[in-house]
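Visitor: Pasted the sequence and its predicted model underneath.
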Amino acid sequence: MISKIDAKKKISELVEQINYHDELYYKKNYQEISDEEYDKLRRELLELEKNFPEIKLKNSPNKTIGKIDNNQFRTIKHNSPMLSLNNAYSIDEVESFYNKTFNSLNKNFLILAETKVDGLSASLRYENRKLKIGLTRGDGVKGEDITRNLEFVEGIKKKLPSEFPENLEIRGEIFIKKNIFEELNKKRKDQGKPLFSTPRNAAAGSVRQLDPEIAKERKLSFYGYTVIGDKSFFGNSISKIRDILKIFNFSLNHPAKLCSSLDEMVKFYKKVRDMRSSLNYDIDGIVYKLDNIEEQKKLGQTARFPRWALAHKFPAENAITTLKEVSFQVGRTGTITPVAILGEVTIGGVKINRATLHNQDEIRRLGLSLGDTISIQRAGDVIPKITSVVKKSIKPVKIIFPEQCPSCG
Ligand code: IVH
């Protein structure tokens with residue numbers, strides 16, 4: 001155990017670091033570290049705050065859910081707080097969630113397992129069955145009014161079916177489909193604009209545009225995951241809510257599965273983890289939710305997340321680093337392959353300091369220079385590759401392809 005003086009120093013360091021990255025993420029829609037590195041900082045802080053509750057700082061990020069950029073959008077109070085989700089990274093943590101649920105309910109229960117959409121949460125408020133207001137999660141208590149930007153979002157209905165209750169709120173996730181993200185970045189590259197590092201950053205940047213015309217061009221999508229308000233029409237479980245939304249042609253995230261054991265939950269997690277690259281939208285894990293709404297109420301919530309749900313995160317695939325050097329490898333047949341030498345980062349527990357660059361065209365396609373800040377991806381066991389330049393170096397150094405063989409001259 002560390003001393004109180006050291007803990008205090010570490011806590012204030014962590015708070016400063018996390019607040020810096022939150023500022024980037026929530027206000028500038030940009031990331032300098034991967035989700036995994038970020039979560040590590042959060043966990044370290046949470047652990048220290050637990051062991052030294054007397055030194056919890058006023059500006060600790062663990063006191064709020066998100067951040068609001070005050071001078072951009074009008075803010076409106078949510079009908080009920082928009083919470084975050086508790087994260088799990090191991091099966092042990094999922095087991096502990098399962099056992100706690102069992103001990104609280106003292107009977108068997110169903111868990112709905114579904115994909116965790118990597119976008120940004122939004123609440124859609126309908127009055128007289130017409131879409132009135134759309135809000136971001138904001139700080140969980142109040143959200144930013146993004147109504148004007150929702151006009152052309154695929155999957156958002158302007159009017160609810162006549163069978164639906166008059167006043168209703170639908171909550172879900174706004175995101176950009178992978179193919180649209182790639183088109184968008186291609187276009188931006190041709191226009192010499194900085195690229196988005198992930199679909200999530202692109203979606204967040206587009207929703208929070210003051211100009212609705214830009215938001216429209218960006219082709220956003222929406223998946224609903226719950227309704228708030230009079231649920232009698234929908235029934236007493238989230239799987240029933242999903243069934244009804246589906247009948248009425250709302251867009252929902254797939255796949256999803258109703259599970260009656262821990263074993264089924266873990267099987268579903270592994271299955272989706274292994275096929276996630278075939279989905280046309282980014283997911284960062286599986287959300288497990290206690291299906292029955294009465295049972296959810298019994299478990300209740302903390303200030304930050306419901307006790308009846310858990311996000312089981314996938315190992316990270318992306319990280320952000322810098323391109324330090326390019327070396328040229330000579331193959332056995334004399335072909336020359338450029339290899340990127342990177343500032344070392346960890347993805348999914350594996351240290352990475354190199355990425356493949358294939359050939360000269362790839363360097364041109366990415367618009368790479370030495371010193372650039374880049375986004376890299378390591379999906380499964382595949383060799384890491386550079387996906388985009390997220391920030392040009394202030395002093396970019398051109399990559400020069402050798403004219404003579406670097407091995408024999
Ligand atoms: S249920 C807390 N289901 O993840 C209220 N959330 O990291 C219950 N998210 O703020 C949320 N996909 O925006 C739920 N299938 C899904 C989700 C999902 C993405 C987001 C949501 C939440 C965040 C927490």
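Guide: Received, thanks.

Visitor: Now name the helix or strand holding the residue in the chain that the ligand sits nearest to.
Guide: Nearest to the ligand in the chain, going by Cβ to the nearest ligand atom, is residue 121, at a distance of 2.9 Å. In short, each C-beta sits where N, CA and C put it, glycine included. Per DSSP states H and E, residue 121 falls inside strand 120-127.

Visitor: So what touches that strand?
Guide: For strand 120-127, contacts defined as Cβ atoms under 8 Å, 6 or more residues apart in numbering pick out 78-79, 82, 131-137, 143, 146, 150, 156, 160, 164, 166-175, 200, 203-204, 207, 222, 224, 228.

Visitor: Are any of these buried, and if so which?
Guide: 78, 82, 131, 133-137, 143, 146, 150, 156, 160, 164, 168-175, 200, 203-204, 207, 222, 224, 228 (16 or more other Cβ atoms under 10 Å).

Visitor: How far away from the center of its chain is stretch 253-262?
Guide: How far stretch 253-262 lies from its chain's middle: 20 Å, per Cα atoms, centre = their mean, to the nearest Å.

Visitor: What are the buried residues along it?
Guide: Judged by neighbour count (16+ other Cβ under 10 Å), stretch 253-262 contains these buried residues: 253, 256, 257, 258, 259, 262.

Visitor: Stretch 222-235: end-to-end distance?
Guide: 23 Å (Cα to Cα, to the nearest Å).

Visitor: tell me, which of the buried residues of stretch 253-262 make contact with the ligand?
Guide: residue 253 (Cβ under 6 Å from any ligand atom).

Visitor: Helices - which of the buried residues of stretch 253-262 land there?
Guide: residue 262 (DSSP state H).

Visitor: quick one, longest helix in this protein?
Guide: Per DSSP H, the chain has its longest helix at helix 4-22.

Visitor: can I get the CA coordinates of it in PDB?
Guide: Included here for helix 4-22 are C-alpha records, laid out as PDB according to Å, rounded to 0.1, in the frame of the first residue of the first chain:
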ATOM      1  CA  LYS A   4      -1.000   9.000   1.900                       C
ATOM      2  CA  ILE A   5       1.400  11.600   0.600                       C
ATOM      3  CA  ASP A   6       2.200   9.500  -2.500                       C
ATOM      4  CA  ALA A   7      -1.500   8.700  -3.000                       C
ATOM      5  CA  LYS A   8      -2.400  12.400  -2.900                       C
ATOM      6  CA  LYS A   9       0.200  13.200  -5.500                       C
ATOM      7  CA  LYS A  10      -0.800  10.300  -7.700                       C
ATOM      8  CA  ILE A  11      -4.500  11.200  -7.400                       C
ATOM      9  CA  SER A  12      -4.000  14.800  -8.500                       C
ATOM     10  CA  GLU A  13      -1.800  13.600 -11.400                       C
ATOM     11  CA  LEU A  14      -4.500  11.200 -12.500                       C
ATOM     12  CA  VAL A  15      -7.300  13.700 -12.200                       C
ATOM     13  CA  GLU A  16      -5.400  16.200 -14.300                       C
ATOM     14  CA  GLN A  17      -4.600  13.600 -16.900                       C
ATOM     15  CA  ILE A  18      -8.100  12.200 -17.100                       C
ATOM     16  CA  ASN A  19      -9.700  15.700 -17.300                       C
ATOM     17  CA  TYR A  20      -7.300  16.500 -20.100                       C
ATOM     18  CA  HIS A  21      -8.400  13.500 -22.100                       C
ATOM     19  CA  ASP A  22     -12.100  14.000 -21.200                       C
END
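
Visitor: Would you map the helices across the stretch 1-150 of the chain?
Guide: With helices called from DSSP state H, counting those that start in this stretch, the stretch 1-150 of the chain shows them at 4-22, 35-51, 91-105.

Visitor: what are the ranges of the helices in the stretch 201-350 of the chain?
Guide: Using DSSP H, counting those that start in this stretch, helices in the stretch 201-350 of the chain cover 212-217, 238-247, 262-275, 293-299.

Visitor: Nearest to residue 286 among those would be which one?
Guide: Ranking the helices of the stretch 201-350 of the chain by proximity to residue 286 (Cβ to Cβ) places helix 262-275 first, at 4.8 Å.

Visitor: quick one: that closest one to helix 91-105, angle?
Guide: When axes from the mean of the first three to the mean of the last three Cα atoms, to 10 degrees is applied, the directions of helix 262-275 and helix 91-105 differ by 140 degrees.

Visitor: what packs against helix 262-275?
Guide: Applying 3 or more Cβ pairs under 8 Å, 6 or more residues apart in numbering; DSSP states H and E, one finds that helix 262-275 contacts helix 91-105, strand 111-117, strand 256-259, strand 283-290.

Visitor: Would you mind putting those into TSV with mean pLDDT alongside?
Guide: Listed next are the helices and strands packed on helix 262-275 as TSV, based on pLDDT from 0 to 100:
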stretch	mean pLDDT
helix 91-105	97
strand 111-117	98
strand 256-259	98
strand 283-290	96
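
Visitor: Output these in JSON lines, with distance to residue 6 appended to each entry.
Guide: Converted to JSON lines, the helices and strands packed on helix 262-275 look like this (distance: least, Cβ to Cβ, whole Å):
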{"stretch": "helix 91-105", "distance to residue 6": "27"}
{"stretch": "strand 111-117", "distance to residue 6": "35"}
{"stretch": "strand 256-259", "distance to residue 6": "43"}
{"stretch": "strand 283-290", "distance to residue 6": "33"}
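
Visitor: wait, which of those is closest to residue 55?
Guide: Using Cβ to Cβ, the helices and strands packed on helix 262-275 put helix 91-105 closest to residue 55, at 26.1 Å.

Visitor: what packs against the closest one?
Guide: helix 262-275, strand 283-290, helix 293-299, strand 309-313.

Visitor: go with 7 Å
Guide: Packing partners of helix 91-105 (3 or more Cβ pairs under 7 Å, 6 or more residues apart in numbering; DSSP states H and E): helix 262-275, helix 293-299, strand 309-313.
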